[in-house]
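**Q** Structure of the sequence below:
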Amino acid sequence: MFNENILLNRITVDPKIFGAKPIIRGMRISVEMILGQLSQGMTTKDIIKDYPNLEPEDIFACLAYAHTILANESIEEIRVST
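**A** Okay, here's the model as predicted:
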């Protein structure tokens with residue numbers, strides 16, 4: 001089990017990368033892209049094979065981020081490092 005707040009610390013926002021979309025640990029890998037791949041049936045293992053710098057926790061962080069957004073939490077309450 002992972003702590004959601006610890007997972008959310010893996011998600012960053014950099015105005016210079018992808019127009020400030022949420023990304024994983026400052027890399028040029030967006031949360032949106034990972035969620036899209038998961039929705040198309042890719043497994044965590046498949047995604048990590050395509051992006052070897054990712055860790056399983058990064059993918060869980062994307063899911064935690066999506067959950068937080070959908071849970072109607074205010075954007076200010078989401079822990080995102082800049």
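**Q** can you pull the pLDDT of Met33?
**A** Met33 is assigned a predicted lDDT (pLDDT) of 97.
**Q** do the same with the one 3 residues further on
**A** Per-residue pLDDT puts Gly36 at 98.
**Q** cool, the one 5 residues further on as well?
**A** pLDDT, Gly41: 97.
**Q** now Glu76
**A** 56.
**Q** For the residue nearest to Pro22 when sequence neighbours are not counted, grab the count of nearby residues.
**A** Setting aside the residues directly before and after it, Pro22 is nearest to Val31 in space (CB to CB, 6 or more residues apart in numbering), at 4.2 Å. In this view, the C-beta of every residue, glycine as well, is placed from N, C-alpha and C. For Val31, the neighbour count with other CB atoms under 10 Å is 25.
**Q** Distance of Val31 relative to Gln40?
**A** 15 Å (CB to CB, to the nearest Å).
**Q** Please, where are all the strands along the chain?
**A** 11-13, 22-24 (DSSP state E).
**Q** Spit out the contact partners of the spatially most central residue of the chain.
**A** With distances taken as CA atoms, centre = their mean, Cys62 lies nearest the centre of the chain, 2.9 Å away. Shown in contact with Cys62 (CB atoms under 8 Å, 6 or more residues apart in numbering): Ile11, Ile24, Val31, Ile34, Leu35, Leu38.
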